[in-house]
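prediction below, plus the sequence it came from.
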Amino acid sequence: MEGIKPEANDKLKMDGIKKELRNPSKATHQDYFGKTISYICIAFVGLLVLSILYFITTRGLATFTQDHVSLWAFLSGSNWNPGMLDSHGNPEIGALPMIVTSFSVTVLAALVATPFAIGVALFMTEISPRRGTKFLQPVIELLVGIPSVVYGFIGLSVIVPLIRHAFGGTGFGILAGTIVLFVMVLPTITSLSIDSIRSVPMYYRSASLALGATRWQTIHKVVLRAATPGILTAIIFGMARAFGEALAVQMVIGNATLMPHGLLTPSSTLTSQLTTGIGNTTMGTLPNNALWSLALILLLMSLVFNIIVRIIGKRGSLK
Amino acid sequence: MQDYSFDEKHIVHIPTEKALTTEDLQVYYGKNHAMTDASLEFPRYRITALIGASGSGKSTYLRSLNRMNDAIATVEGKIIYRDTDINSKKINVYEVRKHISMVFQRPNPFAKSIRENITFALKRNGIKDKAELEYRVENSLKSAALWDEVKDDLDKSALALSGGQQQRLCIARCVAMKPDILLLDEPASALDPISTAKIEETLKQLRKSYSIIIVTHNMQQASRIADYTAFFHMGHVLEYDKTENIFTNPEIKATEDYISGNFG
């Protein structure tokens, strides 16, 4: 730069900085590129979800729009025989037995699993964190990983005969479904409860202990109380899983589309009816549309479960 | 920082009534010997400050006094309270903590209402009578100088209070249990100067009916409120005397260096 005055040199430098500030560089191009890719991915996933929703909704509503079945008859009727007409000439598609059975197995499984799940979660977090994490964590992970068909197979070859011997009947029914689902939702509820209990701040425990509260009082009145929103969320997630489980339930529930009269009579859930019926119908016919309506109920229910989880989450975070 | 001898100690005996005494208290975190031979006598109805640099073992020592260290450390030696060694295995720790209560560095109210924060321990202790509970809530909040600020909001969440108010609520929560001794672990270190002044004023009032042991980083605080002061250094108690002696005429070189700001 010999021969150029210092001031001129400065000016050159300034111009260079100005140029750099105004023009895009490699870094800004990378930013732009990354952003574009992630937007494309989001758009694709969003489109996928929307088209699934659209497909199930239009198909599910076809029963009511094309085939002119009344919504009320669908939700409250207790005869399911989509290929046949009843004495009034209306198709027999009453989904109530399936709805009742689905809710029964879901609620019962959650009711049975929750105390066990909270017990295990407390053991792993409060009573013996080290041993609990070492031995129980792998067990829970294993339970999650077992495919549902294996659970169904065990249910079919162990639980169903056991119930048959103990209570008579065929052994198939809500009780067998509940027991299988209990094992399947237990790890879900347990691991989410563990997360929720672990997130209770340590200083709540010290505060309670320093006031002379016993360990049990601290767990019962402070830790569990603070973890309640999280545990409720865990239960709802477990219920969502139970509600949506098809294969394992189908293998032990008996698959009779009848109104259940007890825990031991063969019946059918929404999901088991779907898997049983889907191969025996033709697209676009009433029996097929009726199955799509069942799928629509499942979709709406999973939406409801999600909304409940959201509400609980919001309530919990306000505290 | 230079090395100071741990053999050179100046520890006074208390001429008046004692609230608590420790004899040769040792604390181990696994193999780490965190507290060595701590033998101190704490006077009744007085404030004793424990000072020293970070990691000197003062909080460790304090937490051992009501067995809050049980889960994480091994504590050996004697802690004498009402002629009983409460560091023995046979002692009911829950009863110990009813008589020797603790306030932590970080305000830790429960996510409950102000009233419930105070009645929590009372209810767990079998007090169900409404009038008695109300009386204790009002009285303890008055002792902690919080009553006038919250008397209309007793059912509001304790988490809505400011840090200083939360800390005074934690003090009130302890006082409601009518303990003998209050242990405070740097109760004002997370607070602003005005809140700190209020806490100190509260402690001075509480001194009339409680024996108080307070860990503090703040030497001015110790000199303002404490009757006796113990100086901790690297897991040893090196000097224990009346506060004025500690701050005006320390016997030990390490104490002198620490209070004059040469280390710590």
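Structure received.

count of neighbours near the residue of the stretch 1-150 of chain A found nearest chain B?
Going by Cβ to the nearest Cβ, chain B is nearest to A:P129 of the stretch 1-150 of chain A, at 10.7 Å. Any C-beta I mention is one placed from the backbone N, CA and C, and that applies to glycine too. Around A:P129 there are 12 other residues, counting by other Cβ atoms under 10 Å in any protein chain shown.

report pLDDT for it.
For A:P129, the pLDDT comes out at 87.

do the same with A:G316
pLDDT, A:G316: 66.

roughly how far does the residue of the stretch 1-150 of chain A closest to chain B sit from B:A190?
Separation of A:P129 from B:A190 (Cβ to Cβ, to the nearest Å) stands at 28 Å.

could you do B:M234 as well?
Remark: distance between B:M234 and B:A190 (Cβ to Cβ) = 25 Å.

one more: A:V112?
As judged by Cβ to Cβ, A:V112 and B:A190 stand 46 Å apart.

ditto for A:I37
Distance, A:I37 to B:A190, by Cβ to Cβ: 45 Å.

all strands for the chain, in order.
All of this is about chain A. Along chain A, counting by DSSP state E, strands occupy A:80-85, A:91-93.

wait, I meant chain B there
B:10-11, B:18-29, B:32-43, B:47-52, B:74-81, B:84-85, B:100-103, B:181-185, B:211-215, B:228-233, B:236-242.

using PDB, write out every CA atom in the fourth one.
Included here for strand B:47-52 are C-alpha records, laid out as PDB according to Å, rounded to 0.1, in the frame of the first residue of the first chain:
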ATOM      1  CA  ILE B  47     -27.700 -15.900  68.000                       C
ATOM      2  CA  THR B  48     -24.500 -17.700  67.000                       C
ATOM      3  CA  ALA B  49     -23.000 -17.100  63.600                       C
ATOM      4  CA  LEU B  50     -20.900 -19.600  61.700                       C
ATOM      5  CA  ILE B  51     -18.500 -17.800  59.300                       C
ATOM      6  CA  GLY B  52     -15.800 -18.900  56.900                       C
END
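
how far does that strand sit from the chain's center?
9 Å (Cα atoms, centre = their mean, to the nearest Å).

for the stretch 151-300 of chain A, what lies in contact range of chain B?
Taking Cβ under 8 Å from any Cβ of the partner chain as the criterion, the stretch 151-300 of chain A approaches chain B at residues A:201, A:203-204, A:206-214, A:217, A:221-222, A:226.

selection in PyMOL covering whichever of those residues are buried, please.
To isolate the buried subset of these in PyMOL, counting by 16 or more other Cβ atoms under 10 Å in any protein chain shown, use the following:
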select buried, chain A and resi 203+204+206+207+208+209+210+211+212+213+214+217+221+222+226
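
what separates B:S39 from B:T22, distance-wise?
Distance from B:S39 to B:T22, by Cβ to Cβ: 6 Å.

let me redo that: B:N139
According to Cβ to Cβ, B:N139 and B:T22 sit 31 Å apart.

between these two, which is the more surrounded one?
Applying other Cβ under 10 Å to B:N139 and B:T22 shows that B:T22 carries more neighbours, namely 23 against 16.

OK, contacts around A:L232?
Residues in contact with A:L232 (Cβ atoms under 8 Å, 6 or more residues apart in numbering or on different chains) are A:I312.

tally of neighbours for B:H236?
Residues near B:H236, counting by other Cβ under 10 Å, number 20.

ok, B:A38 next?
Using other Cβ under 10 Å, B:A38 has 26 neighbouring residues.

name whatever forms a beta bridge with it.
Under DSSP bridges, the beta-bridge partners of B:A38 are B:L25.

ditto for the one 10 residues further on
According to DSSP bridges, the partner residues bridging B:T48 are B:I213, B:Y228.

circling back: the strands of chain A: lowest mean pLDDT?
Lowest mean pLDDT of the strands of chain A: strand A:80-85, a mean of 80.

what about the chain, any weak spots by pLDDT?
With no chain named, the answer covers chain A. Within chain A, the ranges that satisfy pLDDT under 70 run A:1-6, A:316-319.

was after chain B, sorry
Along chain B, the parts satisfying pLDDT under 70 run over B:1, B:264.

A:I37 and B:A190 - which one has more neighbours?
Between A:I37 and B:A190, B:A190 has the larger neighbour count (other Cβ under 10 Å), namely 16 against 10.

what residues does the stretch 51-200 of chain B put near chain A?
Counting by Cβ under 8 Å from any Cβ, the stretch 51-200 of chain B comes close to chain A at B:66, B:68, B:94-98, B:101-104, B:106, B:108-111, B:120-121, B:124-125, B:157, B:159, B:170, B:173-174, B:177.

kindly recompute the last result at 7 Å.
Within the stretch 51-200 of chain B, the positions near chain A by Cβ under 7 Å from any Cβ of the partner chain are B:66, B:68, B:94, B:97-98, B:101-102, B:104, B:106, B:108, B:110-111, B:121, B:124-125, B:173-174, B:177.

export stretch B:94-109 to PDB, keeping only CA atoms.
Only the C-alpha atoms of stretch B:94-109 are listed here, as PDB (Å, rounded to 0.1, in the frame of the first residue of the first chain):
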ATOM      1  CA  TYR B  94     -38.500 -36.600  62.800                       C
ATOM      2  CA  GLU B  95     -38.800 -35.600  66.400                       C
ATOM      3  CA  VAL B  96     -35.300 -34.000  66.300                       C
ATOM      4  CA  ARG B  97     -36.400 -31.800  63.300                       C
ATOM      5  CA  LYS B  98     -39.500 -30.700  65.200                       C
ATOM      6  CA  HIS B  99     -37.300 -29.200  67.900                       C
ATOM      7  CA  ILE B 100     -34.500 -28.100  65.700                       C
ATOM      8  CA  SER B 101     -35.900 -26.600  62.500                       C
ATOM      9  CA  MET B 102     -34.100 -25.300  59.400                       C
ATOM     10  CA  VAL B 103     -34.300 -22.500  56.900                       C
ATOM     11  CA  PHE B 104     -32.400 -22.900  53.700                       C
ATOM     12  CA  GLN B 105     -30.300 -20.600  51.600                       C
ATOM     13  CA  ARG B 106     -32.800 -20.400  48.800                       C
ATOM     14  CA  PRO B 107     -36.400 -19.600  49.800                       C
ATOM     15  CA  ASN B 108     -38.300 -22.800  49.400                       C
ATOM     16  CA  PRO B 109     -42.000 -22.300  50.000                       C
END
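
before we move on, back to that, mind checking which of the residues of the stretch 51-200 of chain B next to chain A are buried?
B:66, B:68, B:94, B:97-98, B:101-102, B:104, B:106, B:108, B:110-111, B:121, B:124, B:173-174, B:177.

which ones among these map onto helices?
Those of these mapping onto helices are B:94, B:97-98, B:121, B:124, B:173-174, per DSSP state H.

okay, those residues in JSON lines with distance to B:E149 next?
Shown next, in JSON lines, are those (distance: Cβ to Cβ, whole Å):
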{"residue": "B:Y94", "distance to B:E149": "32"}
{"residue": "B:R97", "distance to B:E149": "28"}
{"residue": "B:K98", "distance to B:E149": "27"}
{"residue": "B:A121", "distance to B:E149": "22"}
{"residue": "B:R124", "distance to B:E149": "26"}
{"residue": "B:R173", "distance to B:E149": "15"}
{"residue": "B:C174", "distance to B:E149": "18"}
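
give me the neighbour count for the residue of the stretch 51-200 of chain A found nearest chain B.
The nearest approach of the stretch 51-200 of chain A to chain B comes at A:V200, 9.6 Å away (Cβ to the nearest Cβ). If you count neighbours by other Cβ under 10 Å, A:V200 ends up with 20.

isn't it right up against A:A226?
Yes. Between A:V200 and A:A226 there is a contact under Cβ atoms under 7 Å: 4.5 Å.
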